[in-house]
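> need the 3D shape of this:
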Amino acid sequence: MKLDNRKESEFTEIVGPFHHERQESSSYNPERKASSEGSYVPTLDVTFVHVTSKPTSKGCFGRWHQLYAALAVTMSAAGLGSILAYTATALPDLRNAKPFGEVTSSQETWIGPLALLGAAVACPIAGFLVDIFGRRRTIVWFMPLFLSGWLIIGLAQNIEMIYIGRFITGFCGGSISLAIPVFLAEVSDVDIRGTLTSFLDMMVTVGILYIYLIGTYTSWQTQAFACGVLPLLCLILMFFVPESPRFLLQKDDRENAKKSLSWFRHSTLEQIEEEFHTLLVSVTESQDKGSSWKDVFKVPVLKPIVIGMTLMFVQQCSGILPITLYTVDIFHSARTGINDNLSTNIVGLIQVVATITAALVVDRYGRRLLLLLSTGFMTISMSGMASFFYMKNRNNDPANQFSSIGHLSWLPLTSLLIFVVAFSIGVGPISWVYMGEILPNHVRGKCSGIVTITSWSLSFAITLGFGGLITVVGEDGGYGIFGLVSLIGFVFIYFCLPETKGRTLDEIQIHFAKKNNLKNNLTEDL
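Okay, the predicted model is just below:
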């Protein structure tokens, strides 16, 4: 059906994102104007216009291009996971091998957080690149730099080269963490968008397990070279993946946008005609809103930004990164009686299984339920860790410190496993899913930059200050604070977070643009 022959009602009927109510567009202009190609498109002077359409692709086979694209682009996320976990296995080997002499505690303190600082610095740059040059191109451009960072680490002749390599790899990891959710949210069918966007965190955990396993048997140098394989593999796989059709339409490249949509839907150009014109209307309306920094501070935009930043606060301040970066040291400190590397590998394996489970169920049970379960069990598990170290530290005699709690040696590993599972089925992947879904199309790069720089800045501060925090408040106090953050997240999610399952990106944005009180809007979903 041609776009210019549709009835006005087909443009003005909008299915409300959370209330299924009929709304009328206030300023639809049915007049047509000719495009440069001689076809006709409607002139739209609207506040919100949305046309619903069913996904063109059908069944698993019809979506295999989307699945391939998700795996290809998130191969770089596996590289991000290897960045985060590298210190967990490399630092103990650096201490033992002493390639640059004795590694001081000050040097160790910086090796982990420098990657996170690089990620934070990258976010505003990546936000600019995804809006100007494209989502796919931004990811591909960073892969050679990613590889070079690992080569610098693997060939390091002094500790300063490791610092430089960590910063470079972190810079690339922060960039792709911004671009991947945006890309996947734009190319996915509505009913599998949550699953595909969850691939980001799933592949991060795969990268973590990858380096845990390799680090058990190899040196810190071999680990670095092995990590360099992941961005190289991503670069090869991405050769076959086109740019997001929404971005191409934003750049007025309709021909390639249609070809891109056809590829992602595994359908002919004729079969995707209706969905293409639906997307065209959405992009046209989005471009009418403006994309300056002034537009970022409007209430309909600030609402999803605040939600995204809060989710990232809970994600990072709940303690996942210190646990990931120093897993071996944590188990050594707990003296569980289980081999430290074995415990670390168990944690990594459980994390992978949990994130795969989350990806499979997020579009069936919704985002809110998984987040509530996640933050609830994270609170319980961190309370268990805090209790164990509290009882351990009550005994002032170091020689007999574990005598009174030997029967609880299982508690740290159990608590950590519960925490990792809970984090991986909710807060870990779904925070990124929300970032891809709720940020407005017309300022998505800028908003994504704000949210991701919040995430990585918090990661840097927490990881750098983790040792100092433990010194000041003790291990029991540190884990108690992580548990409190998880509890705050539970309360926020229950009262303030909308369900986005089954809603198009346009429907979600219409919701946030309503002038009602935010809490009143969202609690209707409970």
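> ranking helices and strands of this structure by mean pLDDT, which lands last?
strand 14-15 (a mean of 32; mean pLDDT, DSSP states H and E).
> who touches the residue nearest the centre of the chain in this structure?
Centroid check for the chain by C-alpha atoms, centre = their mean gives Trp432 as the closest residue, at 3.2 Å. Trp432 sits next to 177, 180-181, 197-198, 200-201 when contact means C-beta atoms under 8 Å, 6 or more residues apart in numbering. Quick note: C-beta positions are derived from backbone N, CA and C, even for glycine.
> just the element for it, please.
Per DSSP states H and E, Trp432 falls inside helix 427-438.
> now, of the contacts of Trp432, which are buried?
177, 180-181, 197-198, 200-201 (16 or more other C-beta atoms under 10 Å).
> out of the residues you listed, which is nearest to Leu413?
Asp201 (22.3 Å; C-beta to C-beta).
> could you count how many residues lie near the residue nearest to the closest one when sequence neighbours are not counted?
Computed as C-beta to C-beta, 6 or more residues apart in numbering, the closest residue to Asp201 that is not its neighbour in sequence is Pro429, at 3.5 Å. Residues within reach of Pro429, counting by other C-beta atoms under 10 Å, total 31.
> wait, what's in contact with Pro429?
Per C-beta under 8 Å, 6+ apart, neighbours of Pro429: 197-198, 200-202, 355, 358-359, 362.
> counting by contacts, list what the lengthiest helix in the chain packs against.
Longest helix in the chain by number of residues (criterion: DSSP state H): helix 444-496. Judged by 3 or more C-beta pairs under 8 Å, 6 or more residues apart in numbering; DSSP states H and E, helix 444-496 is in contact with helix 105-132, helix 159-187, helix 293-296, helix 299-317, helix 320-325, helix 367-394, helix 427-438, helix 518-523.
> dump these to a markdown table, plus mean pLDDT and distance to Gly483.
Output for the helices and strands packed on helix 444-496, formatted as a markdown table (pLDDT from 0 to 100; distance: least, C-beta to C-beta, whole Å):
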| stretch | mean pLDDT | distance to Gly483 |
| --- | --- | --- |
| helix 105-132 | 88 | 22 |
| helix 159-187 | 93 | 25 |
| helix 293-296 | 74 | 34 |
| helix 299-317 | 89 | 11 |
| helix 320-325 | 74 | 13 |
| helix 367-394 | 89 | 3 |
| helix 427-438 | 88 | 13 |
| helix 518-523 | 43 | 25 |
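> of the ones you listed, which is nearest Ala77?
helix 159-187 (6.1 Å).
> returning to that earlier point: list just the nearest of the contacts of Pro429 to Glu270.
The closest of the contacts of Pro429 to Glu270 turns out to be Thr197 (C-beta to C-beta; 28.8 Å).
> ok so, going back, show me what the helix or strand just after the longest helix of the chain is packed up against.
Next along the chain after helix 444-496, taking DSSP H and E as the criterion, comes helix 505-513. On a contact count with 3+ C-beta pairs under 8 Å, 6+ apart, helix 505-513 meets strand 14-15, helix 273-287, helix 299-317, helix 427-438.
> could you redo the last one with a cut-off of 7 Å?
Secondary-structure packing of helix 505-513 (3 or more C-beta pairs under 7 Å, 6 or more residues apart in numbering; DSSP states H and E): helix 299-317, helix 427-438.
> buried stuff in the first one?
For helix 299-317, burial by neighbour count (16+ other C-beta under 10 Å) applies to 300-301, 303-305, 307-317.
> Cys172: what's it in contact with?
142, 145-146, 149 (C-beta atoms under 7 Å, 6 or more residues apart in numbering).
> save the helices and strands packed on helix 505-513 as CSV, and put in distance to Val130 too.
Converted to CSV, those look like this (distance: least, C-beta to C-beta, whole Å):
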stretch, distance to Val130
helix 299-317, 15
helix 427-438, 12
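> right, and these - which one's nearest Val241?
Nearest to Val241 among these is helix 427-438 (16.6 Å), distances taken as C-beta to C-beta.
> and the closest one with helix 505-513, angle?
Interaxial angle of helix 427-438 relative to helix 505-513 (axes from the mean of the first three to the mean of the last three C-alpha atoms, to 10 degrees): 90 degrees.
> what's the spacing between helix 427-438 and its chain's center?
Computed by C-alpha atoms, centre = their mean, to the nearest Å, the chain-centroid distance of helix 427-438 equals 6 Å.
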